[in-house]
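Pasting the sequence and the predicted coordinates here, then a few questions.
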Amino acid sequence: MDEERKHIIINEINYWKTHHLLPNQYCDFLLALYTEGEGTKENKISESRQTPYYLLLYFLDTLLILFPILIFQFTDNKLFYIIGIALTIICSLGMIKAFSRNDQLKDSYAVMIFFLVFLFSTMLWINEYFRVYWITYTWILINSISWIIFGKIRRQFFLQIAGVFILIILAIMFGFHYF
């Protein structure tokens, strides 16, 4: 087949793919057929450029887990506790929005990070101001049950597993503390 004709067909298939005129699987098959398995340069370049951006969002979202611990470790002012924790939770909610807007990011990951940040923040606050173990255990129990319920409602299996895992850890902690 003539190279110019092949190039026109490949451009047309790319147009179909970007405008969703054919399913992606069909377009990928046709592109592989006409490029003899090589693919197009535009697809390889766009995929390689998008990867670090998404990895950065995952890294920043994971970094939010450390903020409650750092806030309670390095400050003694109650106002800084409240402002820092509120900003961390707001940032975590913003990450949920950012992850849900983009199809290539898993918003269940951002939801899990939000629940972890909320649990760490409230546990640290309860331990700092109440210092009563049964209140901490009760709060962990409420959080783990809410994780399981929210996971069932939103059909996020990983959140359900994490809730059950926290229940198991709570039972072990309770056993070591009281028995």
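Looks like it came in fine. These numbers were taken from a predicted model, which means no experiment stands behind them.

State the mean pLDDT of the one helix or strand residue 26 maps to.
Per DSSP states H and E: residue 26 is located in helix 24-34. The pLDDT scores in helix 24-34 average 85.

same check, this time on stretch 154-163
Rounded mean pLDDT across stretch 154-163 is 92.

Now do the buried residues in that stretch.
Across stretch 154-163, burial judged by 16 or more other C-beta atoms under 10 Å covers 156, 159, 160, 162, 163. For the C-beta atoms, the positions are set from N, CA and C on the backbone; glycine is no exception.

Name the residues that touch that stretch?
Contacting residues not belonging to stretch 154-163 are listed as 108, 111, 112, 115, 144, 145, 146, 147, 148, 150, 151, 152 [C-beta atoms under 8 Å, 6 or more residues apart in numbering].

which helices and strands does the helix holding residue 26 pack with?
When contacts are defined as 3 or more C-beta pairs under 8 Å, 6 or more residues apart in numbering; DSSP states H and E, helix 24-34 packs onto helix 3-18.

Just the buried positions in the helix it packs on, please.
Under the neighbour-count criterion of 16+ other C-beta under 10 Å, helix 3-18 has 9, 10, 13, 14, 16, 17 buried.
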